[in-house]
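Asker: Need the 3D shape of this:
(one chain, ligands or ions: 2)
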Amino acid sequence: MAARFRIFRFDPVLDPKPYYRTYEVDAEPTDRLLDCLNRIRWEQDPTLSFRMSCGHGVCGSDGMRINGICGLPCQKLVKSYDEEILLEPLPVFQVIKDLIVDLEPFFERYRSVKPYLITASLPPDGERRQSPEEIHRLEDAVRCILCACCTSSCPVNQNAETEAYLGPAALVRAFRYLFDSRDAGMEERIRILDRKEGVWGCQTLWKCTEVCPKEIPVTKQIGQIKKNIYDAKKAGG
Ligand code: SF4
Ligand code: FES
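Answerer: Ligands and ions are numbered 1, 2, ... in the order given. Prediction:
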């Protein structure tokens with residue numbers, strides 16, 4: 001079958017403004033959109049730029065907007081689309097070239113939530129052990145591959161007045177440590193999260209949950225952080 005793509009193109013060094021270019025690729029129905037992108041680059045247009053690495057929904061590097069919805073082209077099959085497939089860069093972030101955006105502001109917010117274990121004791125001889133129930137609490141959040149699809153889709157992050165909001169991906173990472181039985185940084189974490197650009201920036205619009213390619217219950221986890229902060233403050237008087 002012939003798959004038709006309309007792709008956002010922009011090289012800030014050469015192009016006065018962005019434009020769209022159409023490509024046609026001979027594809028099997030079960031080919032992934034990423035296979036087609038690679039074929040376009042190898043066989044038709046070596047100037048087309050996009051990020052990719054694993055090709056299997058693991059590295060999170062190929063996030064882009066597919067027919068208006070943020071997702072991973074390595075997880076989407078050609079047969080799921082009837083007509084022309086529109087590929088654009090993730091919104092919210094600045095375009096570096098074509099489908100590649102500058103994710104530094106995304107990773108800056110991610111780093112700001114201290115995405116590592118904070119401990120109060122020296123490491124034991126073996127592992128810091130957890131019960132199956134304690135591990136289960138983190139399992140969903142640990143699946144996050146930092147693809148930025150949730151943060152790009154969040155209407156709060158898309159709004160220039162509220163774009164300083166940490167965003168869903170950073171909050172999923174905060175959840176992962178806040179609810180880790182081995183972590184001793186709760187007070188410090190709550191200080192980072194308890195502000196309008198932190199967890200309270202979330203307006204519970206569910207867009208993040210709708211697009212997450214790892215099916216993480218993002219909005220629910222953000223709600224649990226809110227409840228945790230509320231309970232901790234109540235307990236502290
Ligand atoms: Fe991607 Fe989901 Fe992680 Fe957001 S929560 S960065 S959508 S994997
Ligand atoms: Fe790694 Fe798509 S290429 S997640």
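
Asker: so how many other residues sit close to the closest residue to residue 33 other than its chain neighbours?
Answerer: Distances taken as CB to CB, 6 or more residues apart in numbering place residue 73 nearest to residue 33, at 3.7 Å, with adjacent residues excluded. Where you see a C-beta, it was placed from the backbone N, CA and C, and this is true even at glycine. When neighbours are defined as other CB atoms under 10 Å, residue 73 has 22 of them.

Asker: Please apply the same query to the one 4 residues further on.
Answerer: Using other CB under 10 Å as the criterion, residue 77 is surrounded by 14 other residues.

Asker: Ligand 1 versus that one, what's the distance?
Answerer: Residue 77 sits 19 Å away from ligand 1, going by CB to the nearest ligand atom, to the nearest Å.

Asker: gap between the lengthiest helix in the chain and the chain center?
Answerer: Secondary structure of the chain per DSSP state H: the longest helix is helix 218-235. Here the centre of helix 218-235 is set off from its chain's centre by 21 Å, with CA atoms, centre = their mean, to the nearest Å.

Asker: is it true that residue 163 touches residue 157?
Answerer: Yes: Residue 163 lies in contact with residue 157 (CB atoms under 8 Å); the separation is 5.8 Å.

Asker: neighbour-wise, which of those two wins?
Answerer: Using other CB under 10 Å as the criterion, residue 163 and residue 157 rank with residue 157 on top: 27 against 15.

Asker: how far away is the more buried one from residue 170?
Answerer: To residue 170, residue 157 is 10 Å away according to CB to CB, to the nearest Å.

Asker: what touches both of those two?
Answerer: Residues touching both residue 157 and residue 170 (CB atoms under 8 Å, 6 or more residues apart in numbering): residue 151.

Asker: Get me the contact residues on this structure for ligand 2.
Answerer: 52-55, 57-62, 72, 74 (CB under 6 Å from any ligand atom).

Asker: Need the residues you listed in a markdown table (columns: distance to residue 196).
Answerer: Compiled in a markdown table, the residues of the chain next to ligand 2 are given as follows (distance: CB to CB, whole Å):
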| residue | distance to residue 196 |
| --- | --- |
| 52 | 36 |
| 53 | 35 |
| 54 | 36 |
| 55 | 39 |
| 57 | 33 |
| 58 | 34 |
| 59 | 33 |
| 60 | 28 |
| 61 | 31 |
| 62 | 32 |
| 72 | 31 |
| 74 | 36 |
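
Asker: where along the chain do the helices fall?
Answerer: For the chain, the helices defined by DSSP H occupy 33-39, 104-112, 132-142, 149-153, 155-158, 168-178, 186-193, 207-211, 218-235.

Asker: in this protein, which segments are predicted with low confidence?
Answerer: Counting by pLDDT under 70, the chain has low-confidence residues at 237.

Asker: Write out the residues of it neighbouring ligand 1.
Answerer: Close to ligand 1, as judged by CB under 6 Å from any ligand atom, the chain has residues 144-150, 168-169, 172, 211-214, 216, 218.

Asker: what is in contact with residue 163 and residue 157 at once?
Answerer: Common contacts of residue 163 and residue 157, defined by CB under 8 Å, 6+ apart, comprise residue 92.

Asker: Return the residues in contact with the residue nearest to residue 33.
Answerer: Counting by CB under 8 Å, 6+ apart, residue 73 touches 32-34, 37, 62, 64, 66, 87.

Asker: Can you add neighbour count and give the residues you listed back as a markdown table?
Answerer: Listed next are the contacts of residue 73 as a markdown table, based on neighbours: other CB atoms under 10 Å:
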| residue | neighbour count |
| --- | --- |
| 32 | 21 |
| 33 | 26 |
| 34 | 21 |
| 37 | 23 |
| 62 | 23 |
| 64 | 26 |
| 66 | 19 |
| 87 | 23 |
